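[1] okay, predicted coordinates and the sequence, questions at the end:
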Amino acid sequence: MWYAYRMTTDPDTLRTEMGANLRRLRERMRPRVSQAALARALGWHRPTITIIEGGKQGVPAHDLPAYAAALRCPVVRLLPVGWRK
């Protein structure tokens with residue numbers, strides 16, 4: 001099946017899509033990683049992960065490499081599909 005992806009410039013849509021993507025990546029890890037474990041790995045508080053995955057706050061650009069390392073994936077996988085090149 002073919003899907004058309006569009007790159008949004010709306011910050012709310014970007015945060016929502018990225019948050020959902022980050023949650024999906026975290027939940028697919030084996031062994032599964034909890035929000036608390038991810039927060040500890042990043043030196044953050046667990047509610048911060050909840051807020052990010054809920055699309056209410058974005059991940060600061062300077063934290064993307066650490067977030068990707070904690071999820072054991074390249075930074076580009078953190079981005080919504082329409083933003084990937």
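    All right, it came through fine.
[2] can you tell me the centre-most residue of this protein?
    When Cα atoms, centre = their mean is applied to the chain, the residue found nearest the centroid is Leu22 (2.7 Å).
[3] which stretches of the chain form helices?
    Ranges of helices within the chain are 11-28, 35-42, 46-53, 64-70, based on DSSP state H.
[4] let's have those in JSON lines, adding mean pLDDT and distance to Val81.
    C-beta here means a position set from N, CA and C on the backbone, and glycine is covered the same way. Formatted as JSON lines, the helices of the chain follow (pLDDT from 0 to 100; distance: least, Cβ to Cβ, whole Å):
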{"stretch": "helix 11-28", "mean pLDDT": "93", "distance to Val81": "8"}
{"stretch": "helix 35-42", "mean pLDDT": "97", "distance to Val81": "21"}
{"stretch": "helix 46-53", "mean pLDDT": "98", "distance to Val81": "17"}
{"stretch": "helix 64-70", "mean pLDDT": "96", "distance to Val81": "16"}
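[5] including distance to Pro80, could the ones you listed go into TSV?
    Output for the helices of the chain, formatted as TSV (distance: least, Cβ to Cβ, whole Å):
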stretch	distance to Pro80
helix 11-28	4
helix 35-42	19
helix 46-53	13
helix 64-70	13
